[in-house]
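Student: fold the stuff below for me.
(one chain, ligands or ions: 2)
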Amino acid sequence: MALLSVLETIPLSALAVALALLFALYKHIVHPVFFSPLAGIPNAHWSAPLSRLWILNHRRCRRDTFAVHKAHQDYGPIVRLAPNEVSVNSVDGGLRVIYAGGFEKGDWYSNVFSNYGVKPMFAMEEHAAHSRRKRMVSNIYAKSTVQGSPSMQRIANILLDDRFIPVLKVLAASDQPVEFYTVFGAITTDFTSAYVFGLQNSTNYVQQPEMGVKFFGDFKARQQYQFWPQELPRFTGFLQYIGLLHWIVPSWVGPANQDLENWVIEMSDKSEATVRLDGSLQEDHPEDWPTVYAQLRSAFLKEAETKEGRDVSVEKVVADHRLAIASELLDHTLAGFDTSSITLTFLAWELSLLHNAQWQERLHEELKGLQPGWDAKEIDALPVLHAALMETLRLHAAIPGNQPRITPAGASLGPPEHTIKGVPANVRVQAQAWSLHRNAEVFHDPETWNPGRWLDSSAAELKEMQRWFWAFGSGGRMCVGSNLAMVNMKAIIAAIWGTFKTSVAADDGMVHNGGYVAEPIGKNGHCLLLTLESR
Ligand code: HEM
Ligand SMILES: *[C@@H]1O[C@H](CO)[C@@H](O)[C@H](O)[C@H]1NC(C)=O
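Tutor: Numbers count the residues shown, from 1 in each chain. Ligands and ions are numbered 1, 2, ... in the order given. This next block holds a predicted model:
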């Protein structure tokens, strides 16, 4: 009776406020901390069930890969990063469920990875559209296609024999140490863009390094300011709406991005003209054939013919898909150069360190027996070269950071003994190569760069290492360019250490960035200065 009469004295509005507060308290504190199915997962930070602040701040500073790794070391193979975000570090209950299981990407990719306002497949959220696009190009990136491609063969001959090795010889003769991150940026861009757009219509940064430097600068600008639109799209949209976007993204990022888009559409338009040339270019000058461009173009034509009949206008189909093609190919060009040049820079560093001198010698011995002509299959079969590259992709994965996906309703996450059942829909889940590649049970002494582990392990051990190897991701969204990347990187490695000897002149910039991509951070204006000597 007493309680009721007290209640009667409280105004209705105050009661409503109190109820709303109670509800908010339940929704944002009591439920996430105690009753959510995710409450059973160890917290990466005490605040994780309550707010995204902890992980967002690490992402803003691009050190989230390390913070998440530390959390896995401290709290096990499944950790909660935020009220609605989980990281899993295992194959069973992790990679196999999330990536082989085809969990969708969510808007994390499409928020920032669009070009010309059109999404490339990397950014496509929807499963059907993505797999239609991937089927259009996967054949030209298949291992047998790349290794047997007359275009790629001629491109390798010209790029390495006529451009790369002569330029390196001049640099070696100058007795000045050479900054290799830019050297690798140039040769990997030239390789990728030549396969995509044809050699004559693509870049020649090896011989025009100043143009390469401009392009790398534009690319870094674009990359550096991704955090806000990617992680806080609504807040960023609001700032843009009220005209204050420059608070978080400097005004020169827009023009840098524009320059990148102009650069690619120009190459793309040249490729269109090349495809229309009469005659036998593809047979006589396979290096100039725009392999990827031509494939994508003819796939769009076929699609239009299926839909609209045989008499569709080629001009119209090409015009209608001009931006979609350019957007896709811009993405391949950037994906190809950045990741490969990061990998090669860390490989060059490891090989050039004094304590790894025996590996550089073993590699050189192996390369001495190579026939001239850069035959992709012959190079691919060299065991020391393969081991050194695999070990670099393991310890220095170019994309070591989170690859987020969205849960469907009712998933089970985490390896046996750590499994969380009945995970609700729309939870952001991730795995990261950095942590998978540092599992000491699979990779003994994981922090040591030791190509020997890929040469001397038993068949069973190797199989387990392959299962945990995740440099190219896995499942339906796995890297489409991994075979092209392997062929190109191996040819570049063979060209350098077959001809030259390298040692470290300065490497204080060789620290990984801790975000999605792990480029060397660079210090004092350089990342990796190597002394280069002809053999
Ligand atoms: C060392 C070299 C490379 C590494 C380490 C690498 C790594 C990766 C990884 C980890 C992914 C999955 C990313 C995610 O889901 O968040 C990916 C996707 C992708 N990569 Fe690569 N990549 C390399 C070279 C290349 C090259 C040369 C190309 C292009 C020719 C390429 C094109 C792509 C594309 C188009 C996707 C998106 C695939 C899809 O959404 O289905 N990559 N790559
Ligand atoms: C593009 O490549 C084709 C084929 O090699 C060549 O004929 C054409 O001149 C090139 N276009 C430009 C603008 O360089």
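Student: OK, contacts around residue 148?
Tutor: Counting by CB atoms under 8 Å, 6 or more residues apart in numbering, residue 148 makes contact with residue 376. C-betas here are computed from N, CA, C, even on glycine.
Student: residue 285 too?
Tutor: With CB under 8 Å, 6+ apart, residue 285 has these contacts: residue 154.
Student: and the pLDDT for it?
Tutor: Residue 285 is assigned 95 on the pLDDT scale.
Student: ok, it to residue 425 distance?
Tutor: 53 Å (CB to CB, to the nearest Å).
Student: and if you look at residue 47?
Tutor: For residue 47, the distance to residue 425 - CB to CB - is 24 Å.
Student: look at those two and report which has more neighbours.
Tutor: residue 47 (14 against 10; other CB atoms under 10 Å).
Student: the more buried one and residue 53 touch, don't they?
Tutor: Yes. With contact defined as CB atoms under 8 Å, residue 47 counts as touching residue 53 (6.4 Å).
Student: where does this protein dip in pLDDT?
Tutor: Scanning the chain for pLDDT under 70 picks out 1-4, 7.
Student: need the residues of it near ligand 1, please.
Tutor: Within the chain, the positions lying close to ligand 1 (CB under 6 Å from any ligand atom) are 121-122, 134, 192, 331-332, 335-336, 339-340, 343, 398-399, 403, 471-473, 477, 479-481, 484-485.
Student: the residue nearest the centre of the chain: what's it in contact with?
Tutor: Nearest to the geometric centre of the chain sits residue 399, at 4.7 Å (CA atoms, centre = their mean). Contact analysis of residue 399 by CB under 8 Å, 6+ apart lists 339, 433, 471, 473, 516, 517, 518.
Student: so which pair among those residues is furthest apart in space?
Tutor: With distances taken as CB to CB, the most widely separated pair in those is 473 and 518, at 14.4 Å.
Student: those two: which has the busier surroundings?
Tutor: Shown here are residue 473 and residue 518; by other CB under 10 Å, residue 518 has more neighbours (24 against 16).
Student: touching, that one and residue 512? I think so.
Tutor: Yes. Counting by CB under 8 Å, residue 512 is a contact partner of residue 518 at 4.1 Å.
Student: touching both of those two, which residues are there?
Tutor: Common neighbours of residue 518 and residue 512 (CB under 8 Å, 6+ apart) are 65, 396, 400.
Student: phi first, then psi, for the second one.
Tutor: When read as degrees, to the nearest 10, the backbone of residue 396 gives phi -120, psi 50.
Student: if we can go back for a sec, and the contacts of residue 399, which is closest to residue 76?
Tutor: residue 433 (18.3 Å).
Student: which ones are touching the closest one?
Tutor: 397, 399, 400, 401, 470, 471.
Student: how about residue 140?
Tutor: The contact partners of residue 140, taken as CB under 8 Å, 6+ apart, are 146, 291, 292, 295.
Student: tell me which helix or strand the last one sits in.
Tutor: Residue 295 is part of helix 291-308 when elements are defined by DSSP states H and E.
Student: please name the bridge partners of the nearest residue to residue 352 once chain neighbours are set aside.
Tutor: Ranked by CB to CB, 6 or more residues apart in numbering and with sequence neighbours excluded, the top spatial neighbour of residue 352 is residue 502, at 4.4 Å. Per DSSP bridges, the residues bridged to residue 502 are residue 532.
Student: I figured residue 502 was touching residue 360, is that so?
Tutor: Yes. Judged on CB under 8 Å, residue 502 makes contact with residue 360 at a distance of 7.2 Å.
Student: between the two, which contacts overlap?
Tutor: With CB under 8 Å, 6+ apart, residue 502 and residue 360 have common neighbours 351, 352.
Student: how is the residue lying closest to residue 421 once chain neighbours are set aside assigned, secondary-structure-wise?
Tutor: The spatially closest residue to residue 421, leaving aside those adjacent along the chain, is residue 412, at 4.9 Å (CB to CB, 6+ apart). The three-state label given to residue 412 by DSSP: H, G, I helix; E, B strand; the rest coil is strand.
Student: what's residue 412 in contact with, if anything?
Tutor: With CB under 8 Å, 6+ apart, residue 412 has these contacts: 93, 97, 419, 420, 421, 422, 423.
Student: what's the burial count for the second one?
Tutor: Okay, so that is residue 97. Around residue 97 there are 25 residues (other CB under 10 Å).
Student: and the residue in the stretch 301-450 of the chain that ligand 2 sits nearest to, how many residues sit next to it?
Tutor: Per CB to the nearest ligand atom, residue 329 is where the stretch 301-450 of the chain lies closest to ligand 2, at 15.0 Å. Applying other CB under 10 Å, we find 26 residues neighbouring residue 329.
Student: find the residue closest to it in space, skipping its chain neighbours.
Tutor: The spatially closest residue to residue 329, leaving aside those adjacent along the chain, is residue 196, at 5.4 Å (CB to CB, 6+ apart).
Student: burial check on residue 521, number of neighbours?
Tutor: 14.
Student: wait, doesn't it sit right on residue 513?
Tutor: Yes. With contact defined as CB under 8 Å, residue 521 counts as touching residue 513 (5.5 Å).
Student: which parts of the stretch 151-300 of the chain sit against ligand 2?
Tutor: Residues of the stretch 151-300 of the chain lying near ligand 2 (CB under 6 Å from any ligand atom): 198, 200, 201, 270, 274, 281, 288.
Student: could you work out the most separated pair of the residues you listed?
Tutor: 270 and 281 (13.0 Å).
Student: got any residues that touch both of those two?
Tutor: In contact with both residue 270 and residue 281: no residue, using CB under 8 Å, 6+ apart.
Student: top of the residues of the stretch 151-300 of the chain next to ligand 2 by number of neighbours, please.
Tutor: residue 198 leads these on contacts (other CB under 10 Å) with 28 neighbours.
Student: and the gap between residue 186 and ligand 2?
Tutor: 19 Å (CB to the nearest ligand atom, to the nearest Å).
Student: next, that residue: secondary structure please.
Tutor: helix.
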